[in-house]
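Student: Next come a sequence and a model predicted from it.
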Amino acid sequence: MAFNHLSIRNLMLFGLLILSGVDDISGTTGSTLKAVSMLFRHGDRSPTMSYPLDPYHDYPWPGGYGALSPRGFNELFGSGLIKSTRYSSLLSINCDTDATCTMDLDKILVLSSAIQRCVDSVQSFLNGFVRVDWPSSLVNVIPQDQDEMLAAPGKPCPKYEDIITTGVGFDEPEFKTIIDFESTEGQELLDYLQNNTGLTMDSPIILLLLEDTLLIEKDNNLQLPAWTDSVFEQYLVPLTSAFFDISGSSEYTKIRSSALFRDMTTRLDNLIAGSDDQNILLYSAHDATVAGMLHFLEVRDQTVARPTYAASINVELHENQDIVDDYEVKLIYFASYDDQNPIEIDIPDCQAPCPYKLFKSNIQPRLTPDYETACSQ
Ligand SMILES: *[C@@H]1O[C@H](CO)[C@@H](O)[C@H](O)[C@H]1NC(C)=O
């Protein structure tokens, strides 16, 4: 299987990025890396909605609303390239004399949210990450009605899922430091937004959806209407951050993060036990998925409320001679698709080198019961 033309063109686009010295943590003297799990957000996308008085109501977004944009495809390709350098020791590439390369793809597990932009994102990521042809069956898409961990709302969770629709109220304390919706000023802000957008401001989720649409229009060089000047940076942006913190720390998100954490650690445990040999786990998901995991791991204070496009939280297992009969865990946060200097997060209550077993046992008490049980009324 040869490198295809698309890859070569993109390789050239991102060539500088690689040449400018991305860390290859495997080094040359033999790798310490045993496995990696990556949970990342999809790339740049179009808005998921318009609003009644939107001057760009009929804007021809490529792929329609909520689609991965051409820029998004490139971001994930670039992200894949950066990770292929960092994790080269786990990618067993074999090239023969005519430079035809193959790779053992069985070692890679790919799970994607069923939302198309996530599927497109991880496909583009793989093009950059493995750079050999790979079968479409490599990407496992979790049907939304069975999804306990990547796309929300996924599998029904009657007891809690209203958190993402009506569950966050205007009276949440996190909003009060930005504006008090129970004050006259707060009411005026909502009236002002309602008057200028034509949206009914009956729930904070509307603020988030509006902010997201405006942000993306701005990102695409569409001039925002003048009424946004007084409210966008001052209110909508910080209120959206606060919304992510509220929903990211909710019981519903905790249940979903628990399911994801269980999935990941079960697979790593099987690898360590020798009953499975997949050592690269890819989870393609959403801002809310990554944000939820940052809260769940209690590392939100070292990162962000709302992860940007293609941001990735990676769990790495390393051999470490100071740790007997176990592996060292490193938590690495890539803040964006082109982040070449990701931060190594201080793992709460586990001093570096943090043993994998201690990492898991610290989190054990925080795990919710399984999805079905936790979600039943
Ligand atoms: C919203 O529109 C109503 C009706 O036109 C008007 O009375 C009110 O002052 C407006 N409020 C704001 C904050 O713009």
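Tutor: Yep, it's here. Numbers count the residues shown, from 1 in each chain.
Student: Show the subsequent helix or strand relative to the helix or strand that contains Leu281.
Tutor: For Leu281, the host element (DSSP states H and E) is strand 280-285. Counting by DSSP H and E, the next helix or strand C-terminal to strand 280-285 is helix 287-296.
Student: Quick one: work out the angle between the helix or strand following that next one and helix 287-296.
Tutor: Using DSSP H and E, the helix or strand that follows helix 287-296 in sequence is strand 312-318. Using axes from the mean of the first three to the mean of the last three CA atoms, to 10 degrees, one finds that strand 312-318 and helix 287-296 are set 50 degrees apart in direction.
Student: what does strand 312-318 contact?
Tutor: Contacting residues not belonging to strand 312-318 are listed as 32-41, 79, 83, 264, 268, 272, 290, 293-294, 297, 303, 307, 327-334, 342, 353, 356 [CB atoms under 8 Å, 6 or more residues apart in numbering]. Quick note: C-beta positions are derived from backbone N, CA and C, even for glycine.
Student: In it, which residues are buried?
Tutor: Ser312, Ile313, Asn314, Val315, Glu316, Leu317, His318 (16 or more other CB atoms under 10 Å).
Student: and the last one, bridged to which residues?
Tutor: When bridges are assigned using DSSP bridges, the partners listed for His318 are Leu33, Glu328.
Student: please renumber so the chain begins at 37
Tutor: Okay, using 37 as the starting number, the last item reads as His354.
Student: what's the spacing between it and the ligand?
Tutor: For His354, the distance to the ligand equals 56 Å [CB to the nearest ligand atom, to the nearest Å].
Student: and that residue, how far is that from Lys70?
Tutor: 6 Å (CB to CB, to the nearest Å).
Student: where do the contact lists of these two overlap?
Tutor: Shared contacts of His354 and Lys70, counting by CB under 8 Å, 6+ apart, come down to Tyr363.
Student: Run through the residues of the stretch 187-336 of the chain sitting next to the ligand.
Tutor: Glu224, Asp227, Tyr228, Asn231 (CB under 6 Å from any ligand atom).
Student: Highest neighbour count among those?
Tutor: Tyr228 (15 neighbours; other CB atoms under 10 Å).
Student: quick one: contacts of whichever strand or helix holds that one?
Tutor: Per DSSP H and E, Tyr228 falls inside helix 220-233. By CB under 8 Å, 6+ apart, the surrounding residues in contact with helix 220-233 are 87-90, 206, 215-217, 235-237, 243, 246, 261, 263-264, 267, 271.
Student: Now intersect those residues with the helices, please.
Tutor: Leu243, Leu246 (DSSP state H).
Student: Derive a PyMOL selection command for the buried subset of the contacts of helix 220-233.
Tutor: Of these, the buried ones go into a single PyMOL selection, burial set by 16+ other CB under 10 Å:
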select buried, resi 87+90+206+215+217+235+237+243+246+264+267+271
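Student: name the helices or strands packed onto the one helix or strand Thr138 maps to?
Tutor: For Thr138, the host element (DSSP H and E) is strand 137-139. With contacts taken as 3 or more CB pairs under 8 Å, 6 or more residues apart in numbering; DSSP states H and E, strand 137-139 sits against strand 129-131.
Student: The strand it packs on packs against which elements?
Tutor: Secondary elements touching strand 129-131 (3+ CB pairs under 8 Å, 6+ apart): strand 137-139.
Student: Next secondary structure after the strand it packs on?
Tutor: strand 144-149.
Student: Now do the contacts for Thr249.
Tutor: Pro83, Thr84, Met85, Ser86, Tyr87, Asp90.
Student: Surely it is in a strand?
Tutor: No - with DSSP: H, G, I helix; E, B strand; the rest coil as the criterion, Thr249 is located in helix rather than a strand.
Student: Before I go, just wanted to say thanks for your time.
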